Every structure is written in structure tokens, then in C-alpha cells.
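Chemist: Below are the sequence and a predicted model for it; my questions follow.
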Number of protein chains: 2
Amino acid sequence: MSGERLIYLPLGGAGEIGMNAYVYGYGKPGQERLIVVDLGVTFPDMDTTPGVDLILPDISWLEARKDRIEAIFVTHAHEDHVGAVGHFWKRLGATIHARKFTAAIARHKLDEHGAPDSVLNVVEPWPAVVEAGPFKVGFVPISHSIPESSGLVIDSPEGRVLHSGDFKVDHTPVVGEPFNPDLWAEVSKGGVKALVCDSTNVFSPLPGRSEATLAPEIEKLIAAQPGMVVATTFASNVARLKTIAIAADRAGRTVCLLGRAMRRMVETATECGLLHGFPKTVGPEEAASIPRENLLLLVTGSQGERRAASAQLAQGSYLGLKLQEGDSFLFSSRTIPGNERGVIKIMNQLSEKGVDVIEDTHGLFHVSGHANRPDLQLLHDIVRPQFLVPMHGEHRHLREHVKLGLERGLPGIVAVNGMMLDLSGNAPKVAEYIDTGRSYLDGSVMIGAMDGIVRDRIRMALNGHVTVTMIIDENDEPLGDPWCEIMGLPEKGRSKASLVETLEADLAAFVNKAGRRMLRDEDKLDRELKRIARSTTQAETGKKPEVNVVVSRLS
Amino acid sequence: MSGERLIYLPLGGAGEIGMNAYVYGYGKPGQERLIVVDLGVTFPDMDTTPGVDLILPDISWLEARKDRIEAIFVTHAHEDHVGAVGHFWKRLGATIHARKFTAAIARHKLDEHGAPDSVLNVVEPWPAVVEAGPFKVGFVPISHSIPESSGLVIDSPEGRVLHSGDFKVDHTPVVGEPFNPDLWAEVSKGGVKALVCDSTNVFSPLPGRSEATLAPEIEKLIAAQPGMVVATTFASNVARLKTIAIAADRAGRTVCLLGRAMRRMVETATECGLLHGFPKTVGPEEAASIPRENLLLLVTGSQGERRAASAQLAQGSYLGLKLQEGDSFLFSSRTIPGNERGVIKIMNQLSEKGVDVIEDTHGLFHVSGHANRPDLQLLHDIVRPQFLVPMHGEHRHLREHVKLGLERGLPGIVAVNGMMLDLSGNAPKVAEYIDTGRSYLDGSVMIGAMDGIVRDRIRMALNGHVTVTMIIDENDEPLGDPWCEIMGLPEKGRSKASLVETLEADLAAFVNKAGRRMLRDEDKLDRELKRIARSTTQAETGKKPEVNVVVSRLS
């Protein structure tokens, strides 16, 4: 164990889809020089993270080794890969390397957190490389659902690792670079130790389809609509935005972009020289004066996000624009599992307005940005690594991806967040288990997932809340009876009497019988008042509430 | 308007999938004699109804007209049709009519709520009819995913209405009656005014498949598994349970039923003489002693329900049974939108255990219980009503169903919950809008959806909670400083000082400056303390909490 080793450690993204953060290291055990690949976020939900604004990987392991971090590399500009750079740049203190478009998106995030220009370094694609301690890292273009997505060539004295990034096999991606098998063969020809590989679509059996296949269908659809057309898709899918905008243009419709994220993506892609021939767009005010059959709104909110343009249009109006009977609404997207309720709500609101909703039921209006099963096998076959390390997937995806590799004799290992692999030698081995987890941006404060704060909020949502107050005088005697306030509980319970009054009566009965020893013992009194409040509430309502007890002592 | 009329009023189920409750009436306006079809429930979710146990229709309109209710008819034993009979029998005070199996399930629910035997009347299928005031109602067998499902023939002096109930076109349903086009033609031949019709699968373009098509695939699958097999489906799908159990038996596996609902359904179906040839089952204790390759567990929880057998097995063990590498888990079900997260969680937990998950990706292991688009058209064509009234669907389903009817010249109307239709005459017209809504079973108490109780719980979950207490003495002077308690908020905010201490300092500063007039004015003081608590918390954490203020006055 005295020699150098090459390690891989996912801190996010392995065992979940979202919040990607992968660490590679090379050096003596415990002294490895480190690089970080991607710093993403994931999004909260009411079930597990009510009130939370954003979920980020817990980077305390990295932060404690800040002096060993050589560089941060960001493969592409999706939120689950770049979303945390603003929050973490200071805590990690290393330069962030990205290609031009990704860097431009990262720059906005860094600006919001006061990062200086020097934090970000714009890199050219392979064969250019960044030297980072013992590593040389190059960005290899690969097709995905956002421009300039890249896999990484990661060279170390222990050999070469290919980190696929998010990818699909698309030879005609409309915007951005096509998948280039020759390029991937070239970077693989000297031998690849490990392919660390996207697993998102490992359960999709058919080869993926190209972004370019959508244009004829979308054109036909838009040309056939009688009223206003609204189309929504992922704001970052610049190719899709272009396809839809051109289809609108050809149908004699003026395009209006709604939603900040969408406008930013189009502007940034244009500034970076990636987007050509995008039709001229108008703002919402001008749009309002255009006959509806000559208009197409391209809007954010394909996942049913409550504040996005889609939801607001469905609810009534957005920036003066309103939908009406005869209009059409195209979801050029797939609903991510967990977002169904929000999307369905919008569809029903649109239905109430007489708006025709067009979903991607038959795959005519949306294609995935990730490699399907045969496409994954294609990359395995081109790269021919010593072994496969699936990433970017829930446990079931990673496990299935290992099985897929084994079908053709490629060995692999399931490594989830916190599982440090030693990639040295001929086969990967588990080197160590690291405590990892999630941190929450909660309002303006970063909190830990295990701090109990969100757990208490969930409990209040499930059980309601009772406040119990009482005063104890200088002689350790109760001054008056305890008072109660309830929140999130019914005013009357089983007995049909006021719940507050029943609580106060039961608490008063206890206090009046309690000896001085009880009244003097802060912890015990607190515990008893809580117990009575809970059991009375349960008897009355069937719910065991969260209770705050405040005893004021005049002594 | 002085003549009699025939009315239709959905109180639940029209504009949503779930919580079915439809009212028909005949008589002079405002004096119609009423019958109720179905009394179902729907299920809460964390997003909109945290802590709620069950959602029921608001029946206050009906209750206020209790003396006019002639009878209640329940079409089949799914929870969204029969789930509320126990809760509502007393408030409605009318006899509940159902066929044998449905009545047996209803009986359990009525027993739990102390209803006497006389509340429930077991009826024979068509041509038997129940006379209910001006109505004659007959139960016409129709295939669905539960035995003895029925449509209703509803005869009134204004003519005949056919209420389809939930149905599919299945000529070989494995258990229960096949779809019989001749029977439906027979009840339609005298002319049908309105077809009130299931809309659930109106977006499914292909003809539905029969339950019987699954047996060969399920048999092949189960025979091929090396370890223990666990299969989950809807507990009430007795046909599916039989198919799976027989497949297990043929593969030399003993069947163990896990989950109360599933055991009850099998027992009831057997008692009612509907289920023949179901293999002998064993209890969990005996199952534990059977070699795993000879065992099949048939379990509840196909929708990821947290307390059901599936979730518990995925988490560790259930009644002494444990899964391990090499075992298989079959979802013979479809995930209902909104339940994805729970189901995916189970799949990942199973993956972590090395259990192979088999989903119904290609429709081999599950078929729907509802009529698809061509099947709906088939019923339209058989019945040939004057007009169509879609039910059992969200708004988008109802609207699409009307469109589907129009494709072949059948007129229809979208009527959502609360919209009373006058079905007299040649075309339906909207007679009135009734206030409807939902009521919640919350612990042991029924509360209204608009009572604000659940809203407060959601707010606490999103924003956290602060308790502020202070004492004011006999002279209207503050006795000491205000105290705070927080719940669901971070201990430290932006300033890195204790949030409670910052709150207490700001509140003390206010109290010490406040004049006696302020301290005397209960409402104003309460409002100001709340405002300060909220604004300090927001400055510190970015969150505006819910606040309870308790001011104790010694005077």
C-alpha cells in the first residue's frame, strides 16, 4: 500500500439521477492529488424535502482535502452537472475548467456568488489538455441534449480513464457536435483502463433516435394547428428550440420565447457561435398584438414547475398572453418520474380552457438525450476498456449496466456514492467507504440533510403542531393554568368540544396534581406536558402532534 | 319548469379519477327523488394533503336532501367506488344495493362503522331490478379488473339511462363475467337517452387486451426464475391473483399471500363462489420453511405504498420472509401517475439486495381494467344513446371522450363535479352549479378541504414554525423578555449567531421600546410580535415561518 494508486469516488450521481459530483485521485493512499468532475444539483420534492430550495452534494470530504484539489472539470451545462459551481467554488478553491458554452452558463452562476473571473478557465476540445497535478484531462466532444457536451479523457500515471459524461449516439444532433466514433476510437486505441459511463437509459432496449428525426413531424404538427401554438421543452435543449422555431417560421408564425432560462440559453448559444439560423423572436408585448394563428410561444415549464411560464399560461395568463379554445399546447418533452402530478394538472387546466394538448405519446415530438442499451454497447465496443464503472443512474441502472457489460464479457462494478474504488491494477476494488450525503439550500442557509430540520417540518405536516405554555412563580407554584395553541389540527375532535379547551383542561389537571418536585424539574415537566398534549390530541383527533413546551419561570 | 325532470349530478369522479359519487334525480325541480351511484374515496398525497388519511366527496348537498334519497347503488368493489360507504351510510340513511361480491366487501366497511345488516341489500343481476321511487335500477354485468362489476340500467319516466360503471371489453376475463355485447344490445334496444360512460383510457388508441392473454407469459416468466419469486398486483384483481397463483403452482411453487387486503379479496371471492381452482396457499411461517425456489409470494403494495408488504420486503423483511440475491420481483401492475417515486424507491432497494425486478415494460404482465378508445366506440355503437355523458376521468379525459363520440356523430357534454345536468328533452343542458368539494378523514376526524387545517400544515412544512411567548404583569409591563422556540428551522442563520437568540434579541428590543398602549392591545401586540419574528427569521434564513404568539397576562 506504499505505492501510488488511482482512485475514483462518486460524491453524487451514482445511486441517483442528479447532483453529479465525481472525484478522481492519484498518489499515495491518503495523499492523492484530486480532480473533481462536475458539481451538480438536484431538485427537492414535497415528500422528502418540503421547503428546501435546492439539493447539493455534501462536499465535506473534499473540503477537508481542499489543499489536494488540483482542478474541477464540468462536462456540460445541465443543472445536475454545473448547478453547484456558484455555491461551492469558494469552499473548494480550485479552478473550474469547461468548454466555451458550458463556461458561459457557469459564469452566470459564479457571478451570482461573487466569484472572480480567474476561477473559470475556458478550454478547447481534445486534443487540447489541461494539466492538473498528476492528471492530464481533455474534453472529447460527444452528442447530448445540450450543446458542447463532452466526455473526458483522464490520463494518470496509472493509465487512461474515459469518463463518458452524459451522452447519446446522435450523428445529426441539429445543434452541436455529432457523435464521432472515430474520435472515440482514437482516444481509446492506446488502451483504456476504465470507462466510467452514463447509465440513464440502460433499460431502453431500442437504439436511440437522432434529434434531427423530429423536425418533419414537428413541422407537420405546427402547420396543422388553427390557433396559437405553445410549445414547451427543456430550456437547455437548444437544438429542440431551433427545430420548433424553424417549424414555426415555416408555418408563418412569429416566435416568442417565454421564461428566463430559455432566453438565456438561446442568447448564450448564439453568443458562443453555436446557434445559426434561429428565426427572429419577439417579446411578449409585441406577441400580444400578433394574430394568434401567426404566433408560437416557446416556453419553460415542461416538468410542470409551478412558477414557470407553462403553469402560469395554464392557470390564466402570463405577461399579457392568454390561451383560448382552439389553441394548441405541445409537450416536446418527457415527464421525469415524480413530476407527473404537476404536468397532469397543467394538462387539465388547458383542457378546461378548450386548449388541445399534444403529448409525445408516440415518440414523434421528443427524443431522449441519453444512450439507450445498444448505444451503450456501441461505446463499450469502441472503447474496449479493461472494465466498466457505470455512473449517472439509480442503483437499478448501475446494476443493469454492469449486467449489460457482462453480456459481452466486459467486467464492471457497481459503485455508489461514497464508495471509493481503487482503479490501479487489473480490476477495480473497493478501497474505502466515505460518509457522503446531501446538503440543502434552505431559504438562504445551507443545512445538512441529517440535521433534523426537514424531518421536523415533515412531522409538522403529517401531525400538526401544539404549543404549550405555562408560568411557574418564585415559589415553584404554577401561576394560572397552562395555555395551548394549535396549528394544522382540527378545532374540534372526537368529543366535539374545543380541542384547545380539552388540552388545557387535561394539562391543568396534571399541573394541579403535580408535586413541587415535578414542577422544579425542567426536563421532566417539559416531558410530561408534551406527553399529555400528545396523548390528549391523539385521543381527540387520532393524530400525535409535534409539541413545543415553553415554561416561564419567574424565579 | 313546472314539469318533472331527470337530473344527473356528479359529486365526485367527474374531473378526477377517484372518489366516484354520482346522483340521479327525477321529479319537479328542487323536489326530485334521488338515487346515488357509488360512494368512493381517493388517496392523499404529501404535496396537497399531508397527514390526511383518506379523501372523500363532500356530500353536504346530498345530506341536506336526505329525505329525498331513495337508494344507493354500488357498481363494484374498488375503493374509489365503495370506499366511503362506511363513513357515509348514517349521514345518507338510504339502503345500499350491490351484487353479492361487492356487498361482501361493503359489509366489512359497514361493520367497521357499526351499520346494521338492514343497510345493505344484495341484488341479483339484470333482469332483476330495484324499485327506488320513480326509478327502476338493474345491474348489468360487465367485465372489469374485479369480479362482478356492473353497469346500471336506470329507468325513469323520462326514459332509460345506461351508467357503464368501470369496464373493459374482455371476452375471457379469467374470473367473473365476460363482456356480453348481446346483453348490452338487449338493454339498449328500446332506446337509451344517455350513456354515462367510463373515460379512463380514452387516450389509449389500441383495443384493450384480455386478462387471459397474460397467463402464458406469466407462466413462462415464473418457471424461468431461479430463486424466490415475489409478485405484486392490485389486491382486488382476483383474476390476476389466480393467473399468478396457477403459474406458480405449475412451476412447482407454493403460494403465500401477504397483505390483509389481498387475503380478504381471495377469501371473499371464494366465499361468493367466484373463484375456483385457486391453488392452496400457506401462511408466512410455513412459507419460511419452504425452499425459496419452490415459493411464490403474492403481495400487496404494487403502488409503492409505504406500509404494504412490497415496501417492507424491499426494506428488509416482512413476517420473517427476506429477499436475497437471485430472487425475482414481478410488478404485474401499472404505476398510477403520482406513485412513481414510491415504486422506484422499492425497485432500487430491491436492486441493492441483488433482486431482479421485472416490470411490465412491454405489456406482457399486465393489462388495464378500462376500455380503450376503440372499446369505448364499441359500447357507443352497441348502445346508440341520444347523447354521451363521459364520467370517471379528469377534465382532459372527459373532453377527449366527447370528441371521440363526435367523431361518429354522437353528441356529448363535459359535466364535471357539481355541474347538474337536466337530461330531459333531446339534449342535456346545464341546470345548476352545486358547491362540491372534498372532505378529509384526518386521523379520526372529518375535516373540510377548505378548513385551512391542511393549508397550515403545508405552510409549516414549507416555512418552519416559531413560538413566541412573553409575560405581561399586572401593571401591563413586560415581565422579562420574550422567549422563542423554533421547529423546522436552522439553528443558525446568515449571521452565524443562534437564530433563537437573534429572534429573542429583536423581540426584546421591540418590547422594551413599546409603549403601554401597545402592550395593552392584545391584537396589535400579537401582530407586531409575529411580524418581527417573521422578518428576523427571513433576514436570517430566507424563510418566513408560521408563528404562534402566546402572551400571558398576570392581570
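Modeler: Looks like it came in fine. Numbering: from 1, shown residues only, chains lettered A, B, ... in the order given.

Chemist: Residue A:236 belongs to a strand?
Modeler: No: counting by DSSP: H, G, I helix; E, B strand; the rest coil, residue A:236 falls outside a strand, being coil.

Chemist: if I pick the nearest residue to it once chain neighbours are set aside, what's in contact with it?
Modeler: Sequence neighbours aside, residue A:146 is the residue nearest to residue A:236 in space, at 4.7 Å (criterion: CB to CB, 6 or more residues apart in numbering or on different chains). The C-beta positions use only the backbone N, C-alpha and C, and glycine is treated the same way. Contact analysis of residue A:146 by CB atoms under 8 Å, 6 or more residues apart in numbering or on different chains lists A:76, A:77, A:78, A:176, A:236, A:237, A:238, A:369.

Chemist: and residue A:146, that's in a strand?
Modeler: No: assignment of residue A:146 by three-state DSSP gives coil, placing it outside any strand.

Chemist: Pull up the gap between it and chain B, please.
Modeler: Residue A:146 sits 24 Å away from chain B, going by CB to the nearest CB, to the nearest Å.

Chemist: just residue A:437 next, same as before
Modeler: Plainly put, residue A:437 is 16 Å away from chain B if you go by CB to the nearest CB.

Chemist: Give me the phi and psi for residue A:200.
Modeler: The phi/psi pair for residue A:200 (degrees, to the nearest 10) reads phi -50, psi -50.

Chemist: Helix, strand, or coil at residue A:136?
Modeler: Secondary structure, three-state DSSP: residue A:136 is strand.

Chemist: Hmm, I typed the wrong one, I wanted residue A:349.
Modeler: The assignment at residue A:349 comes out as helix when based on three-state DSSP.

Chemist: dump the residue contacts of it.
Modeler: A:314, A:315.

Chemist: ok and the residue in the stretch 151-300 of chain A nearest chain B?
Modeler: Here the residue of the stretch 151-300 of chain A nearest chain B is residue A:203; by CB to the nearest CB that distance is 7.4 Å.

Chemist: and what of the stretch 51-200 of chain A?
Modeler: Nearest to chain B, among the residues of the stretch 51-200 of chain A, is residue A:51, at 4.2 Å (CB to the nearest CB).

Chemist: With adjacent residues omitted, what lies nearest to that residue?
Modeler: The nearest residue in space to residue A:51 (CB to CB, 6+ apart) is residue B:462, at 4.2 Å.

Chemist: Over to residue A:351?
Modeler: Of all residues not flanking residue A:351 in the chain, residue B:396 sits nearest, at 4.0 Å (CB to CB, 6+ apart).

Chemist: Quick check: which element contains that neighbour?
Modeler: Element membership for residue B:396, per DSSP states H and E: helix B:395-407.

Chemist: which residues are in contact with that helix?
Modeler: Contacting residues not belonging to helix B:395-407 are listed as A:347-348, A:350-352, A:354, A:357, B:14-15, B:17, B:197, B:199-200, B:202-203, B:373, B:376-377, B:380, B:388, B:390-391, B:393, B:411-416 [CB under 8 Å, 6+ apart].

Chemist: if you set the cut-off to 7 Å instead, what comes out?
Modeler: Residues outside helix B:395-407 that contact it (CB atoms under 7 Å, 6 or more residues apart in numbering or on different chains): A:347-348, A:351-352, A:357, B:14-15, B:197, B:199-200, B:202-203, B:373, B:376-377, B:380, B:388, B:390, B:393, B:411-414, B:416.

Chemist: same question, stretch A:490-502
Modeler: Under CB under 7 Å, 6+ apart, the answer for stretch A:490-502 is A:484, A:486, A:489, A:536, A:540, A:541, B:442, B:444, B:445, B:447, B:453.

Chemist: try 10 Å
Modeler: Here stretch A:490-502 makes contact (CB atoms under 10 Å, 6 or more residues apart in numbering or on different chains) with A:464, A:466, A:483-486, A:489, A:503-505, A:536-543, B:440, B:442-448, B:451-453.
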